[in-house]
Every structure is written in structure tokens, then in C-alpha cells.
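S.K.: Structure for the following, please:
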Amino acid sequence: QRETQREKEREVSDEPCRSSMDKEDETDEFPELLDIDEEAWWDWDEEGNGKSKLQVRCLFCDRLFQSAQDTFGHCTSEHQFNINHIVHKHGLDCYRYIKLVNFIRITNPPAELFMSIDGECPWDKEEYMKPSSADDPLLQFDVDEIWEDLEGQPCPPAEGQDERCVQAAHCHRLEEAEKRAEQAGAAVERVMEDLHKMRQYVQDFVINADVRTGTSTTNAIADLREEEESLYFSSYGHYGIHEEMLKDKVRTESYRDFMYHNPHIFKDKVILDVGCGTGILSMFAARAGAKHVIGVDQSEIIYQAMDIVRENGLDGVITLIRGRIEHVDLPVPKVDLIVSEWMGYFLLFESMLDSVIYARDKYLKDDGAVYPDICTISLVAVGDRKKHEERVAFWDDVYGFKMSCMKKVVLPEAVVEVLDPDTLISECCVIKTIDCNTVRMSDLDFSSEYSLKITKDQECVAISGYFDVSFERNCNRKVTFSSSPLSTTTHWKQTVFILEHPISVKKGDVLRGRITCCKNRKDPRSLIITILINDTKQTYSLQ
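M.R.: Okay, here's the model as predicted:
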């Protein structure tokens with residue numbers, strides 16, 4: 001009777017204790033609880049009623065117990081349901097044990113049913129993974145405790161169960177364990193496959209999936225927001241970079257010679273100079289006989305270009321416009337020629353050719369031309385062991401400290417520098433040819449096989465890339481120039497891809513592989529270049 005009375009008190013007292021934030025109308029229902037003084041409260045708590053006790057309901061009757069072990073002991077003595085025998089007989093793991101408990105709670109079967117079950121178990125259905133009560137303490141019981149208790153001990157047969165049944169239970173559990181192991185193995189294989197796919201996906205995302213899928217980032221440059229481009233164009237607002245380009249005689253004199261030696265191409269023509277900078281190409285075109293030259297540039301150097309044009313008395317021929325070619329409106333619907341110095345490191349760095357193609361497709365007449373018109377990218381093998389040591393081995397001992405982890409971040413960076421021609425150890429191989437009059441933006445992401453014929457016994461420590469440029473179409477006198485390490489040095493220098501592990505080669509050997517070049521999705525003006533050589537793949541960024 002006293003226990004019943006305590007239960008009634010608990011039911012009343014628990015209600016207001018659920019939350020100190022109960023609404024006023026709810027607390028009004030229990031005004032007598034608000035009048036309990038502190039001494040009475042402590043008296044009540046000392047009786048042990050203020051503490052929550054775990055209550056576990058029997059599987060086959062309404063009796064309550066304070067632990068799973070007590071509950072199972074009761075099931076064994078009162079209902080002849082021995083959980084140890086059931087687990088052992090049917091080889092239950094934690095999942096099948098949970099299904100068993102839920103099966104009993106939901107279907108309320110008699111305990112005698114479990115004595116007659118052999119073979120397929122009625123609770124082995126996925127529907128019994130859903131509990132009838134989410135806070136059932138028996139679902140939190142670790143069935144592995146039963147197996148640990150049985151470890152190394154023969155399990156006595158249950159009532160009506162002979163030694164053969166026990167052996168069958170062992171076999172069944174063994175089969176279940178093997179099945180779970182197979183499933184786990186298959187799951188691991190799927191995870192590894194998914195991981196590989198994810199790694200490939202991430203690589204493709206960074207490298208640019210367009211090369212593999214056949215799609216293109218056609219408007220990647222045109223679609224860049226103004227704030228994303230501000231840093232790029234502001235760099236060309238600094239005068240030092242224009243001074244460097246103007247002092248590059250190979251570059252500047254090649255454009256001048258092309259125009260001055262082929263005036264018939266420019267006479268009385270309307271010319272568009274994309275990315276005009278200081279206006280030097282626009283002034284060459286004007287001097288070559290052009291009727292009207294329109295120069296477009298987004299950077300602030302355009303204002304100096306205006307002064308330069310006026311200073312040379314060419315403001316009547318040359319019109320300068322500040323803005324991106326993708327955004328400005330030209331004073332004419334069509335032009336006869338487009339000239340542009342759009343080349344970057346490894347030819348395609350900065351993606352300015354995209355803007356030239358945009359201008360060509362929108363403004364060039366059907367019989368017009370783009371100059372320069374033919375460009376190629378080539379590779380050559382490098383055998384400078386000292387360079388490899390400076391770039392890679394250096395990190396093994398830095399003032400007495402190991403910094404080998406730096407190799408992982410240093411190697412993927414392509415290096416732009418001037419190579420010593422004596423370090424070249426192969427013939428050159430052209431990997432990409434671009435005709436600026438026909439090339440599409442989607443063509444600028446490419447993959448190509450290459451073969452480098454070795455010319456001397458050496459270790460190949462790097463692959464270097466460079467480009468050649470030609471002015472050919474309708475020219476009486478063709479003009480070409482190169483950024484090759486075998487030619488006069490230009491401000492483009494060479495792009496060097498250091499190999500992680502040098503490759504020993506002999507004269508006459510041929511290094512074969514594949515190179516992939518594409519825009520970096522995060523920064524379309526930079527490049528991601530992947531080189532496969534001797535079954536080893538390395539990925540580099542040029543930014």
C-alpha cells in the first residue's frame with residue numbers, strides 16, 4: 001500500500017517538475033504543490049522518491065524490474081524463456097536481438113512459442129527494427145555480454161534441446177558471422193569504390209570536368225563578376241608590367257615587323273585591338289595604314305594610352321575604350337581585323353584568348369582575320385639534377401630540420417623560369433596547335449599524347465612547356481617568334497613541371513605519356529595541368 005501511495009505521489013509531483021517554464025494555466029492546476037515548504041521538500045526527497053528509477057517491463061507480463069538482468073532472470077524462472085539459450089540457439093547479434101525484443105513487444109506471443117522455433121525466425125523481418133516504445137530499456141542491453149559469458153563454456157542444451165541442436169546453433173551463428181563478414185567486405189569494397197569515385201570527382205571538379213565530359217566552360221571568362229576580375233585587371237594598371245612587355249623585343253618587334261612588312265593587310269581597314277594596354281599595337285596598325293583602330297582595355301592603363309596616342313598625333317585614327325570586350329559597345333558593327341597580344345605563360349594562362357574568340361565571333365567580318373593566327377604548345381625533357389635538388393631535395397634538410405611535408409605543396413606548383421639550353425635532354429614535341437581564326441573556346445581545354453625522344457644519357461627531372469607564335473595568313477612576309485629555351489629569352493620564359501621522382505633515361509629512349517590542360521574552375525584565368533609519364537600521374541597548377 002505504501003508503494004502504491006508513493007507511485008501516486010510521484011505521478012503528481014513529476015508533472016510540475018518537467019519544466020520550470022510551464023505556462024501559468026498549467027501550474028494553476030496544482031496549487032497545492034506551490035505551497036510545499038523547503039523542509040517538506042527535503043523530507044520528500046530523502047525518502048528516495050525524488051530520484052528516477054529504471055523500470056524494465058517483463059517481456060510476457062506486466063511485472064517491472066530495475067535492470068535487464070533482473071527482467072531476464074524473471075523470464076527464465078516464471079515463463080521458461082531463457083534469453084541465453086535463445087541467443088545461443090539462433091546466433092543472435094545485436095540487430096537480430098533488437099528485432100526479437102520488438103517482435104515480442106508488438107505481437108505478444110506466448111513464451112512457449114520460442115521452445116518450438118527452429119530454422120527461420122519469425123522476428124527476422126525489417127519491420128521489427130522499429131520499436132513499439134522508443135525508450136524500452138531492453139533495447140539498450142548489449143547482447144554481446146551474453147556471448148562473453150558463454151565464451152569458452154559449452155552452452156547447456158535448453159529443455160527439449162539435444163546436443164545436435166546446440167551444434168546447429170553454433171553452426172548457425174558461424175554462418176551468420178561469415179555472412180556478416182562477407183557483407184562487411186562487400187561494404188568496404190563499395191566504400192573504397194565510392195571513395196575512388198569521389199576522389200576522381202573532386203579532381204575533375206578542380207581540374208575541370210569539361211575535358212572528360214565534352215562540355216565546356218564557354219563563357220567562364222565572360223561570366224566572371226566584376227569584383228572577381230578587379231584584381232586581374234588592376235595588376236595591368238601597374239606600369240612595371242607594361243614596361244617589361246614593351247622591353248621584350250622578341251614580342252614587340254615581332255608584332256611591329258608583321259604589320260610594317262605586310263601593310264596591304266592593314267591599308268584602309270578597321271582594326272580591333274583586344275587588350276590594348278599602352279596602345280603600342282594600335283599605333284603600329286595606324287602607322288601600317290589602318291583607317292580606324294579601336295583599342296579596348298579594362299585596366300587603368302587605358303588613360304595613359306589615351307595620352308600616348310594624343311602625344312603621337314594618332315587620336316584621329318585611334319579610338320580607345322575602357323571596359324571588357326564582353327561588356328562594351330564598339331562604335332562600329334564589324335571590323336576587318338583583330339590584333340591582340342593575348343598569350344600568357346604556357347600560352348593559355350590568363351585565358352585572354354577567350355576574349356579574343358568572343359570578339360571574333362561578335363565583331364569580325366566573315367572575310368576578316370585574327371592575328372597572330374597560328375600558335376603551338378610544345379614539351380621538352382629537362383635533365384638538370386641540381387634544379388630537382390633545389391626544388392625537392394631541399395626540403396629534406398632545412399637548416400637541420402626536416403620539412404619533407406612541404407614537397408606535397410611545392411611539387412604541384414608549376415615553375416616559370418628561364419631554362420639553360422644545355423639542360424634539355426630530348427627533342428621537342430608539339431602537343432597543341434591553335435588556329436585563332438577557327439578555334440572554339442571549348443578547344444582550349446585539351447588532352448594530348450606526347451613522345452619525347454631522349455638525346456643524351458641523363459636523369460629526366462622535369463618536363464618543360466613553351467609556345468611558338470606565327471603571323472601567316474595573307475602575309476607576304478611571315479613573322480614568327482618562340483618562347484623556347486633554345487630561342488632568345490622572352491618575358492614568358494618557360495613553364496617547368498618538376499617530377500617527384502627523376503627518371504633515368506638513355507640516348508634513343510622515348511618518354512611517352514599524356515598531358516591534360518584545362519582551366520581551374522575556381523579561377524578560370526589559371527590552369528590545371530596533369531602529366532602522365534611512365535604510368536605516374538602528377539597534377540600541377542599554374543596561377
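
S.K.: and the residue lying closest to residue 344 once chain neighbours are set aside, helix, strand or coil?
M.R.: In this structure, residue 344 finds its nearest non-sequential neighbour in residue 350, 3.8 Å apart by C-beta to C-beta, 6 or more residues apart in numbering. For glycine as for every other residue, the C-beta is placed from the backbone atoms N, C-alpha and C. Taken by DSSP: H, G, I helix; E, B strand; the rest coil, the conformation at residue 350 corresponds to coil.

S.K.: From residue 100, how far off is residue 350?
M.R.: To residue 100, residue 350 is 68 Å away according to C-beta to C-beta, to the nearest Å.

S.K.: just to revisit the earlier point, in this structure the residue nearest to residue 344 contacts residue 275, no?
M.R.: No: if you go by C-beta atoms under 8 Å, residue 350 and residue 275 don't touch, sitting 9.6 Å apart.

S.K.: so what sits against both of the two?
M.R.: Common contact partners of residue 350 and residue 275 (C-beta atoms under 8 Å, 6 or more residues apart in numbering): residue 342.

S.K.: quick one: the strands in the stretch 51-200 of the chain?
M.R.: 56-57, 64-65 (DSSP state E, counting those that start in this stretch).

S.K.: To residue 443, which of those strands lies closest?
M.R.: Comparison of the strands of the stretch 51-200 of the chain against residue 443 by C-beta to C-beta identifies strand 56-57 as nearest, at 72.4 Å.

S.K.: that older thread, between the strands of the stretch 51-200 of the chain, which one is closest to residue 332.
M.R.: Of those, nearest to residue 332 by C-beta to C-beta is strand 56-57, at 89.3 Å.

S.K.: hang on, the earlier thing: how confident is the prediction for the residue nearest to residue 344, by pLDDT?
M.R.: pLDDT for residue 350: 81.

S.K.: With the one 4 residues further on instead?
M.R.: What the model reports for residue 354 is a pLDDT of 93.

S.K.: hang on, isn't it packed against residue 441?
M.R.: Yes: counting by C-beta under 8 Å, residue 354 does reach residue 441; the two are 5.6 Å apart.

S.K.: of those two, who's got more company?
M.R.: Neighbours per residue (other C-beta atoms under 10 Å) separate residue 354 from residue 441, with residue 354 holding more: 24 against 20.

S.K.: can you pull out the helices in the stretch 1-150 of the chain?
M.R.: For the stretch 1-150 of the chain, the helices defined by DSSP state H, counting those that start in this stretch occupy 2-17, 24-27, 31-34, 38-46, 68-79, 83-90, 94-107, 144-150.

S.K.: Same check on the stretch 151-300 of the chain?
M.R.: Secondary structure of the stretch 151-300 of the chain, counting by DSSP H, counting those that start in this stretch: helices at 163-207, 210-213, 226-235, 239-247, 249-261, 280-287.

S.K.: Could you identify which of those has the lowest mean pLDDT?
M.R.: Ranked by mean pLDDT, the helices of the stretch 151-300 of the chain bottom out at helix 210-213, with a mean of 39.

S.K.: Is it correct that residue 513 falls within a strand?
M.R.: Yes: counting by three-state DSSP, residue 513 falls inside a strand.

S.K.: I'd say it and residue 538 touch.
M.R.: No: at 10.2 Å, residue 513 and residue 538 do not qualify as touching, with contact defined as C-beta under 8 Å.

S.K.: Please identify every residue contacting each of the two.
M.R.: residue 531.

S.K.: Distance of residue 136 relative to residue 85?
M.R.: 22 Å.

S.K.: Same question for residue 442.
M.R.: In terms of C-beta to C-beta, residue 442 sits 71 Å off from residue 85.

S.K.: So which of these two has more stuff around it?
M.R.: residue 85 (23 against 14).

S.K.: Can you check what pLDDT the model gives that one?
M.R.: 85.

S.K.: do the same with the one 10 residues further on
M.R.: pLDDT recorded at residue 95 is 81.

S.K.: now do residue 535
M.R.: 85.

S.K.: State the number of residues packed around it.
M.R.: Quick note: residue 535 (other C-beta under 10 Å) scores 6 neighbours.

S.K.: and what of residue 106?
M.R.: 15.

S.K.: lowest average confidence, helix or strand, in this protein?
M.R.: Using mean pLDDT, DSSP states H and E, the weakest-scoring helix or strand in the chain turns out to be helix 210-213, at a mean of 39.

S.K.: Pass me the low-pLDDT residue ranges in the chain, would you?
M.R.: 1-53, 148-173, 176, 180, 193-238 (pLDDT under 70).

S.K.: try 80
M.R.: 1-54, 118-119, 134, 143-240, 351, 524-525 (pLDDT under 80).

S.K.: which strand in it runs the most residues?
M.R.: Criterion DSSP state E: the longest strand present in the chain is strand 458-471.

S.K.: Run the chain-centre distance for it.
M.R.: 29 Å (C-alpha atoms, centre = their mean, to the nearest Å).

S.K.: what angle separates that strand from helix 249-261?
M.R.: Here strand 458-471 points in a direction 30 degrees away from that of helix 249-261 (axes from the mean of the first three to the mean of the last three C-alpha atoms, to 10 degrees).

S.K.: List the contacts of the helix or strand just after strand 458-471.
M.R.: Where DSSP states H and E defines the elements, the next helix or strand beyond strand 458-471 is strand 479-482. Identification of contacts with strand 479-482 by C-beta under 8 Å, 6+ apart yields 250-251, 254, 257-258, 261, 466-471, 487, 490.

S.K.: May I see the buried residues of stretch 464-475?
M.R.: Of the residues in stretch 464-475, 464-471, 473, 475 count as buried by neighbour count, 16 or more other C-beta atoms under 10 Å.

S.K.: could I get it in PDB with only the CA atoms?
M.R.: Below are the C-alpha coordinates for stretch 464-475, written out as PDB (Å, rounded to 0.1, in the frame of the first residue of the first chain):
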ATOM      1  CA  SER A 464      59.100  22.000 -69.700                       C
ATOM      2  CA  GLY A 465      56.500  23.700 -71.800                       C
ATOM      3  CA  TYR A 466      56.800  26.700 -74.200                       C
ATOM      4  CA  PHE A 467      55.000  28.100 -77.200                       C
ATOM      5  CA  ASP A 468      55.600  29.400 -80.700                       C
ATOM      6  CA  VAL A 469      53.600  32.100 -82.500                       C
ATOM      7  CA  SER A 470      53.200  32.800 -86.200                       C
ATOM      8  CA  PHE A 471      51.700  35.600 -88.400                       C
ATOM      9  CA  GLU A 472      50.900  33.700 -91.600                       C
ATOM     10  CA  ARG A 473      47.500  34.300 -93.200                       C
ATOM     11  CA  ASN A 474      47.700  36.500 -96.300                       C
ATOM     12  CA  CYS A 475      51.200  37.600 -95.300                       C
END
